[in-house]
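Asks: next comes the sequence, and after it the predicted model I'd like to discuss.
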Amino acid sequence: KRGNIYLSGAGPSAWHEEYPVAKGKRQSPVDINTNKTKFDPKLAADPLTIRFSDSCCQSIVNTGISFQVTSNGAGCELSGGPLDSTYQFAQFHAHWGAYLKTTGSEHTVDGVSYPAELHLVHWNTKYDDFKDAVDKPDGLAVIAVFFKRGKEHPGFGKIQDLFSKIPAKGAKVNIDFEFNPGLLMPPDSENYWTYLGSLTTPPLYESVTWIVMKEPLEVSVEQIAILRTLLWETPNGVSQMYNNFRPPVPLRDRVIRASFG
Ligand SMILES: NS(=O)(=O)c1cccc(F)c1
Ligand SMILES: [Zn+2]
């Protein structure tokens with residue numbers, strides 16, 4: 001189906017036809033070449049403040065390109081570090097690869113992919129709401145957390161238990177248990193890279209301050225597989241959802257800063 005932005009036409013490499021900004025100066029994701037990142041003591045001096053709450057996740061929806069846990073943002077705010085304003089939590093979703101493949105994440109580190117990447121999306125409260133913020137240069141802040149195969153993550157498993165209830169694009173269910181997205185942060189969330197980028201899906205607005213956690217979060221190999229039990233439409237009909245990631249694009253005239261030395 002035309003609707004699948006990763007599988008219709010030539011996929012991400014064709015997005016520029018409809019969204020010329022795809023070839024812009026601050027696109028995402030990028031490869032994080034750790035030989036070229038620059039430690040910024042200012043980031044260490046003003047630590048990132050990440051606040052989540054037990055009651056901030058209302059529902060989960062199949063967006064047709066990922067799952068999305070949506071929040072009213074109550075008590076979930078992000079400030080400090082590279083941010084000059086307070087950003088409010090809006091949603092989290094993820095991107096992942098195919099069975100037995102190592103690809104799946106959007107950002108890479110020294111050319112290496114992780115099997116999946118979680119995005120926790122926040123909007124700048126200087127704007128009225130997410131929709132107003134989404135296309136402004138300082139509109140969004142997204143925390144990216146790499147998933148790595150390892151021990152099971154029961155917290156994320158609670159969210160994955162809902163996947164069977166959202167089998168198709170547009171399907172949505174309420175989350176009637178307490179879930180604190182803080183569970184999805186890696187043990188050490190002080191070490192991160194940050195740079196100015198964009199949404200990684202159309203419309204690719206250049207509105208995101210990226211905060212990429214250095215430490216991955218461990219989830220089990222089964223949990224990586226369960227991501228692929230979500231379904232999406234493809235040119236050959238409904239099938240398992242995977243490879244919903246944009247590969248890295250040129251860094252252009254940007255330096256990725258590190259909060260650690
Ligand atoms: N994948 S992402 O850059 O986090 C993203 C894409 C589209 C909308 C949004 F709020 C976040
Ligand atoms: Zn994303």
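Replies: Yep, it's here. Not measured: the values here are computed from a predicted model. Ligands and ions are numbered 1, 2, ... in the order given.
Asks: spell out which parts of this structure neighbour ligand 1.
Replies: 119, 121, 142, 199, 200, 201, 208 (Cβ under 6 Å from any ligand atom). Any C-beta I mention is one placed from the backbone N, CA and C, and that applies to glycine too.
Asks: so which of these belong to helices?
Replies: Among the residues of the chain next to ligand 1, no residue falls in helices (DSSP state H).
Asks: which of these are buried? Put it as a PyMOL command.
Replies: Only the buried entries of these go into this PyMOL selection, using 16 or more other Cβ atoms under 10 Å:
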select buried, resi 119+121+142+199+200+201+208
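Asks: what is the neighbour count of the residue lying closest to residue 7 once chain neighbours are set aside?
Replies: With Cβ to Cβ, 6 or more residues apart in numbering as the criterion, residue 7 has its nearest non-adjacent residue at 5.0 Å, and that residue is residue 234. By the measure other Cβ atoms under 10 Å, the count of residues near residue 234 is 16.
Asks: residue 234 and residue 8, how far apart?
Replies: 9 Å (Cβ to Cβ, to the nearest Å).
Asks: tell me where the model's unsure across this protein.
Replies: Along the chain, segments meeting pLDDT under 70 span 1-2.
Asks: check contacts around the residue nearest in space to the middle of it.
Replies: Nearest to the mean C-alpha position of the chain, by Cα atoms, centre = their mean, lies residue 119 at 2.0 Å. When the contact criterion is Cβ atoms under 8 Å, 6 or more residues apart in numbering, the partners of residue 119 are 92, 93, 94, 95, 142, 143, 144.
Asks: just name the closest of these to ligand 1, please.
Replies: residue 142 (4.6 Å; Cβ to the nearest ligand atom).
Asks: show me the contacts for the closest one.
Replies: By Cβ under 8 Å, 6+ apart, the contact list for residue 142 reads 119, 120, 121, 122, 208, 209, 210, 211.
Asks: fine by me, we can end here.
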